[in-house]
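>>> One predicted model, sequence on top.
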Amino acid sequence: MNAKGGSLLIAEFEAKFPYDYSAGRYAGYFLQQLKENKRLMGIKCPKCRRVFIPPRPACGYCFVRNEEWIDLGDEGTLWGYTVVQFPFLDPMTGEERPIPYGYGFIELKGASTRMQHFVTASDLNKLKIGMRLKAVFREDRKGSLADIRYFKAIED
Amino acid sequence: MARRAKRNVAIVATGQTDHRSKRPDVNIVEMINEAVRRCLADAQMTIEEIDAVVIGNMEHFEGIFFTEMWSVDGTGSFLKHGMKVTTGGTTGTSLALAGYYHVASGLFDTVMTIGWEKQSEGETTAGLIFQADPLWERATMSGAIGSFAASATAYMHKYGITEEQAAKVAVKNRKNAFNNPHAHLRMELTVEQVLQSKMLAYPIKMLDMCPTSDGACAMIFASEDKAKKIYQNPAWVVAGVTRHDQPFGGDLEMVMNLRTLRSATEEAYQIAGIKEPLRDLDVAELYEPCTFAELSWYEAAGFCGPGEGGKLMDSGATHMDGELPVNPSGGVLSTNCIGATAMIRVAEAAIQVMGKGGKRQVPNVNRALATGFGGSWWSDVMILSRTP
């Protein structure tokens, strides 16, 4: 080893970091309704009347407290989507996420914002903007967004 | 409302590493130091003449924190003023704005800003997912690519934007990169090659997407008195504007309608007295993370109307010999060391105004636009000019 450097070393590092996030009262209520009643609840701004999903304490546009809960049902329209085909490390699991999978933005009736989730159809190639989708719920719901398996195309 | 600073500020020097996919020959501090030394050499200054140092990157990519502390040997910031700024993709432009504010405030006369990233040392997509909301977004999003893709389909659907039009951006920018000695990717491509490249997430293919790079960029901001002594024709900062948006992807139209860039450029143009950007600007360095984004940013920056980004690309107006050359450096599609990426836009715009562009120089640049993109679809904008 001299000032010009010896061999080029790479230090490898791998570790598991546990985190515990508080959902807060608004998301907590949403997740409770999802788990217990398979309901997707949005929240309305008292000033601009926008209905937000995910629900949040304050309207980002008006900076006032959101108060009124709105049941948004479990069906919506596909606004935009993709089929993810590239492999990548999923920080949720520490492993590669299974591919391919459909991912999209769903417009629920009555919501001013879109929900993002997994989307699917009888064939991923049949996904199309404007198609109707319905949430498919898990039987063993735990109070997380994963209680919705995906939104599936309503096909004839 | 932002306004003109009461004190004129100029960019007087820039320094960049030669960006690569992987730099195992240097560690992070050594890599940062390359850009710092090149910047000081460009200014013909010593580190003693720098009043403050502002540094930043996206720390979760490398998983090493406190950059401002352990990089001191490379930055030369020992016992100097300074701070760290880290705002995701906009880090580089936020750093530039911080440098501008430092000098404009009158508290400092010479400030060095440094942006860097060593992408090869961490996991980019995992890092990007990790920065998203843990309850609502992490499980389904797939980093930058999936988000761009899912909103690019909406963009295509609404306006009839085509994959061919997007591919033209990749062809243009990677060809421009041949003229930039610092660029990471230099490629002679055809539209067909872009269309045939590996599908990552429809409609985004491998050649539609920016690379991940190792690299650093440094710049020096100076007050009017100092600036003229350092470089005869510095790049004056005439406007600096930043904009944030709502927190979730589903609140926005993402790639289709970057309202933060629209709002930021409108204000910056007002400050700079720019009425028709396509005509009044001489060059633009846009932070285009993917091909579709550059088309959409044309619209948001007011180069054309909503939905007309594809047509503007077809017209050739943004080519090197067009009315408003966009990304003579090769853009983000050719180089993407994320914490440096947005600063490189500002540095390249400054290089154009200072007339130091070499083979990538656009003739007679009076006014240049630089943009930064990142966070939850945030935008930063800077307008540089040959006159204060």
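Nice, I can see it.
>>> Please make it C-alpha for all contacts and neighbour counts, starting now.
OK.
>>> which residues of chain A score low on pLDDT?
Low-confidence segments of chain A (pLDDT under 70): A:1-6.
>>> how about the strands of it, start to end?
Using DSSP state E, the strands of chain A run over A:41-44, A:51-52, A:68-71, A:75-84, A:89-90, A:95-96, A:101-108, A:115-120, A:132-137, A:148-153.
>>> Go ahead and measure how far the second one is from the middle of the chain.
Meaning strand A:51-52. 15 Å (C-alpha atoms, centre = their mean, to the nearest Å).
>>> and if you look at the fourth one?
Distance of strand A:75-84 from its chain centroid, counting by C-alpha atoms, centre = their mean, is 12 Å.
>>> between the strands of chain A, which gets nearest to chain B?
strand A:75-84 (4.1 Å; C-alpha to the nearest C-alpha).
>>> angle of that closest one against strand A:148-153?
100 degrees (axes from the mean of the first three to the mean of the last three C-alpha atoms, to 10 degrees).
>>> just checking, what packs against strand A:75-84?
strand A:101-108, strand A:132-137, helix B:143-159, strand B:199-201 (3 or more C-alpha pairs under 8 Å, 6 or more residues apart in numbering or on different chains; DSSP states H and E).
>>> Touching the next helix or strand after the shortest one from outside, list them.
Towards the C-terminus, the helix or strand next in line after strand B:199-201, according to DSSP states H and E, is strand B:204-205. Applying C-alpha atoms under 8 Å, 6 or more residues apart in numbering or on different chains, the set of residues contacting strand B:204-205 from outside is B:145, B:148-149, B:194-195, B:197-199.
>>> Mind doing that once more with 7 Å?
For strand B:204-205, contacts defined as C-alpha atoms under 7 Å, 6 or more residues apart in numbering or on different chains pick out B:149, B:197-199.
>>> Please identify the deepest-packed of the helices and strands packed on strand A:75-84.
Across the helices and strands packed on strand A:75-84, averaging neighbours per residue (mean count of other C-alpha atoms under 10 Å in any protein chain shown) puts strand A:101-108 on top, at a mean of 25.
>>> May I have that strand exported as CSV, CA atoms only?
Taking C-alpha atoms only, strand A:101-108 is exported to CSV below (Å, rounded to 0.1, in the frame of the first residue of the first chain):
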residue,chain,number,x,y,z
TYR,A,101,-47.3,-7.2,-12.0
GLY,A,102,-49.8,-4.6,-12.9
TYR,A,103,-49.7,-1.2,-11.1
GLY,A,104,-52.1,1.6,-11.6
PHE,A,105,-54.0,4.6,-10.5
ILE,A,106,-57.7,4.0,-9.8
GLU,A,107,-60.4,6.7,-9.8
LEU,A,108,-63.0,5.7,-7.2
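>>> quick revisit: turn the contacts of strand B:204-205 into CSV, including distance to chain A and pLDDT.
As requested, the contacts of strand B:204-205 are exported to CSV (distance: C-alpha to the nearest C-alpha, whole Å; pLDDT from 0 to 100):
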residue, distance to chain A, pLDDT
B:A149, 6, 98
B:S197, 13, 98
B:K198, 9, 98
B:M199, 7, 98
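>>> out of those, who's nearest B:R243?
When the contacts of strand B:204-205 are ranked by distance to B:R243 (C-alpha to C-alpha), B:A149 comes first, at 23.0 Å.
>>> give the contact list for the closest one.
With C-alpha under 7 Å, 6+ apart, B:A149 has these contacts: A:82, B:201-204.
>>> Burial check on A:A58, number of neighbours?
Look at A:A58: counted by other C-alpha atoms under 10 Å in any protein chain shown, it has 17 neighbours.
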